[in-house]
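**Q** coordinates only, no sequence provided:
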């Protein structure tokens with residue numbers, strides 16, 4: 001008979017009847033009554049009035065009845081804490097029962113009762129269960145500690161349960177080990193700075209032994225724990241990899257992904273020329289391929305993880321292209337992911353196969369999939385140069401189908417192909433222009449406008465084409481408006497005599513009739529450029545554009561490293577760090593990959609968390625709608641990795657190149673044109689001065705040399721760097737504390753080498769010799785790079801100046817404050833100790849100038865909570881001088897904007913351990929106080945970076 005009878009009743013006074021049944025002498029009747037109570041509780045009825053009667057039923061040997069009562073107790077203990085105390089004695093008694101199942105059940109229920117009054121009574125039973133002879137009870141008690149810690153962390157620490165948990169890692173039973181690891185990991189997540197999981201080679205060995213014997217979920221806990229360990233060297237790393245590799249053949253996909261995570265992390269430490277490295281790469285491919293034969297939901301999770309793996313190590317799956325070919329019955333979300341990975345794996349060896357597949361996909365019925373397939377063909381052309389011609393002819397074939405959305409996607413990608421291979425495929429422009437009328441999507445319209453503007457000299461009716469777009473200017477999206485403005489200015493600079501009215505019209509629409517600040521700013525910039533210095537305008541607007549990069553949607557390297565550390569978790573599916581979607585303090589610990597073999601990086605990093613990329617990040621092209629990107633890039637054509645600097649020869653001979661500026665560019669018509677465009681005819685500059693509506697910051701004609709530098713700092717820095725600031729020496733060790741030895745010193749960074757400048761003075765009566773120096777572990781691994789070179793004995797009253805080179809490869813430990821350095825100096829008399837603090841600018845490396853687009857992406861990616869704001873007071877420098885001083889200390893200006901008389905400098909700094917710091921400095925003319933906003937994934941460093949700014953700018 002089913003249990004449905006417990007959910008139905010026709011009787012009245014149900015609670016009263018249940019009460020009577022619960023107090024019955026017959027065991028069967030009691031059990032039936034408790035089942036009815038649980039059934040009522042399940043459907044939402046309030047049966048808390050029966051609490052004392054149900055608790056009385058705990059005194060039974062029947063395991064089934066006991067489970068039911070415990071279930072009831074867990075549900076109502078919170079609302080009836082005073083009543084729940086009645087059950088404490090029974091718990092204590094059950095924890096000493098002969099049956100291990102009952103002992104485990106009691107301890108499990110104790111952990112689930114979240115009532116403060118009861119927890120203190122449960123400590124003694126829990127302590128006994130943690131040392132129980134039965135492993136089933138011990139493993140249950142281990143999880144109970146984590147639950148109790150969640151309710152009352154202080155109690156758990158005071159009672160010494162954490163130490164008992166650590167002891168359980170050495171337990172003989174693998175399941176107990178797994179649960180102890182799971183409990184400690186859970187507690188460590190809520191206390192990121194506590195060193196609970198103190199992993200060392202001996203502990204790791206125990207975990208690896210337990211790994212082979214515990215259940216699949218136990219294996220996942222252990223593998224996740226292993227992933228947080230940092231091996232001492234490549235030999236230990238290889239040994240762990242060898243013992244984890246068998247998990248790749250496990251039937252549970254979660255175990256496979258956790259094993260992949262461990263191997264991906266530890267491979268970083270293996271030299272690439274090692275035979276085992278190649279073997280490991282081969283072993284990683286089959287399990288990942290096997291995951292793709294599971295059901296679609298699992299496939300999707302596997303594909304999202306594979307996407308990360310392929311970005312980090314494409315060689316793992318380079319021979320497995322066919323498994324990513326789309327099947328007809330794949331859901332759309334699987335199709336799109338497979339397509340993405342196909343492009344990442346595309347190479348000269350397999351491009352023919354890939355293109356044949358993509359051409360098939362472009363004739364599918366699913367619109368989203370077709371769009372992505374067409375875009376993928378374009379990405380293939382950009383990635384594999386040998387295939388570009390085939391890709392272009394494939395795209396032309398698709399344009400001939402006249403399917404609207406296919407045509408639009410094809411035009412968008414052909415624009416990128418033109419950027420990658422200039423002067424090669426422009427013959428197709430005529431075909432593109434035929435489809436102009438069918439374009440209705442902003443991105444396609446913007447791409448077509450860019451093509452017309454960029455190649456205006458090859459298109460006879462370019463002015464007519466752009467004018468047709470201008471008719472509905474205010475109805476267009478911002479993306480199209482910005483592109484149209486730039487295209488018409490390009491056209492004007494190429495064909496000035498024919499397009500003067502057109503450029504006047506678009507500048508007027510952009511500056512006077514538009515509410516969009518980005519459009520207005522760009523309009524004013526062009527207006528100012530054209531009216532002040534048309535030669536400079538031509539150099540800027542028609543500057544040769546660097547080629548675009550192959551991969552346009554790579555995850556930023558810092559983020560990719562963190563996501564690799566989260567393979568098999570939600571972060572790897574969202575492609576976002578846990579801090580982006582986990583609320584509260586739990587789970588927001590930043591992780592990073594270990595340093596590469598032979599990289600010379602410190603093997604540990606300070607607790608400050610996330611580090612930056614360890615190599616130059618690839619260029620990342622933002623979407624064209626990225627308006628902040630537009631402010632930092634003059635042209636809306638896909639922004640480039642490097643800003644084109646104006647060649648000195650062009651600056652010097654600009655007038656010679658174009659004759660007499662805009663006058664000769666336009667011929668004799670310039671006299672009449674001045675009046676046409678709103679300036680005074682006497683100016684003869686073609687375009688009049690900027691209109692009165694222009695903001696003050698853009699008004700007035702600057703000197704020819706300064707106009708562009710003011711707006712965009714195209715030279716990438718103002719003037720020459722002045723060299724980094726070195727603080728004067730201060731006394732670190734007094735003679736009275738060091739038996740006559742006085743040490744004063746300072747720190748400096750010279751030519752990329754960190755140096756500690758010391759003055760050693762002998763104020764004693766005897767000669768001092770045999771000097772040596774040693775540092776304690778510190779936040780950034782500072783250590784002497786060589787011996788202290790005191791080559792001659794130090795006589796009484798003599799001072800010797802010594803410069804000690806430092807490295808950052810020493811042992812790491814977070815100090816308080818972060819920049820504290822504890823030093824020991826030895827000589828023939830004694831050993832002396834002192835502390836000093838170094839400026840963080842010592843650690844600012846020379847390659848800290850971040851690419852603009854990576855800067856934008858990183859600024860947006862770092863949570864706003866990590867932003868700190870400071871005031872730097874009493875600084876009487878203009879922005880150019882400030883930028884120049886800061887650059888001397890490796891604080892690099894990425895871009896500069898002037899908004900309403902306020903200069904805004906966007907700056908980046910990279911520390912020796914790879915941490916990136918981004919800053920925005922606001923300088924208001926006439927105001928001696930600067931506002932500094934600093935963003936960093938490791939917010940602890942922000943105050944120390946601010947101190948460096950203050951130090952450099954005030955000295």
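**A** Now that the structure is in, tell me what you want to look at. In this text, all values refer to a predicted model and were calculated from it rather than measured experimentally.
**Q** isn't residue 348 up against residue 388?
**A** No. Between residue 348 and residue 388 there is no contact under Cβ atoms under 8 Å: 11.6 Å. Placement of C-beta: from N, CA and C, glycine included.
**Q** more neighbours, those two?
**A** residue 388 (19 against 11; other Cβ atoms under 10 Å).
**Q** next one, pLDDT for the more buried one please.
**A** pLDDT for residue 388: 85.
**Q** thinking it is in contact with residue 417, fair?
**A** Yes. Between residue 388 and residue 417 there is a contact under Cβ under 8 Å: 6.7 Å.
**Q** common neighbours of those two, please.
**A** Residues touching both residue 388 and residue 417 (Cβ atoms under 8 Å, 6 or more residues apart in numbering): 381, 382, 425.
**Q** from residue 384, how far off is the closest residue to the second one other than its chain neighbours?
**A** So the one you mean is residue 382. Leaving aside its chain neighbours, residue 382 sits nearest to residue 420 (4.8 Å; criterion: Cβ to Cβ, 6 or more residues apart in numbering). Counting by Cβ to Cβ, to the nearest Å, the gap from residue 420 to residue 384 is 11 Å.
**Q** before we move on, the earlier item: tell me who's in contact with the residue nearest to residue 382.
**A** Contact analysis of residue 420 by Cβ under 8 Å, 6+ apart lists 381, 382, 388, 547, 548.
**Q** in helices, which of these appear?
**A** Taking DSSP state H as the definition of helices, the contacts of residue 420 contribute 381, 382, 388.
**Q** sorry, back to before: CSV for the shared contacts of residue 388 and residue 417, including distance to residue 740, neighbour count and pLDDT?
**A** As requested, the shared contacts of residue 388 and residue 417 are exported to CSV (distance: Cβ to Cβ, whole Å; neighbours: other Cβ atoms under 10 Å; pLDDT from 0 to 100):
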residue, distance to residue 740, neighbour count, pLDDT
381, 75, 27, 86
382, 70, 23, 86
425, 80, 20, 79
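**Q** tell me, how many residues neighbour residue 771?
**A** Residue 771: 21 neighbours (other Cβ under 10 Å).
**Q** any idea how far it lies from residue 538?
**A** With the distance defined as Cβ to Cβ, residue 771 ends up 64 Å from residue 538.
**Q** please enumerate the strands of the chain.
**A** Shown for the chain, the strands assigned by DSSP state E span residues 730-733, 741-750, 753-762, 772-775, 783-784, 799-807, 820-826, 831-837, 867-872, 892-899, 902-910, 916-924, 930-936.
**Q** just the mean pLDDT for the last one, thanks.
**A** For strand 930-936, the mean pLDDT works out to 90.
**Q** go on, the shortest one?
**A** Predicted confidence along strand 783-784 averages 92 (mean pLDDT).
**Q** can you tell me the strand partners of it and which way each runs?
**A** strand 799-807 (antiparallel) (DSSP bridges).
**Q** not counting the partner strand itself, show me its contacts.
**A** Against strand 799-807 from outside (Cβ under 8 Å, 6+ apart): 753-762, 773, 781-786, 788-790, 792, 794.
**Q** repeat for stretch 261-279
**A** With Cβ under 8 Å, 6+ apart as the test, stretch 261-279 has contacts from 223-224, 226-227, 231, 233-234, 237-238, 240-242, 244-245, 248, 280, 284, 309, 312-313, 564-568, 593-598.
**Q** scan the helices and strands of the chain for the one with the lowest mean pLDDT.
**A** One helix or strand of the chain scores below all others by mean pLDDT, DSSP states H and E: helix 654-657, with a mean of 32.
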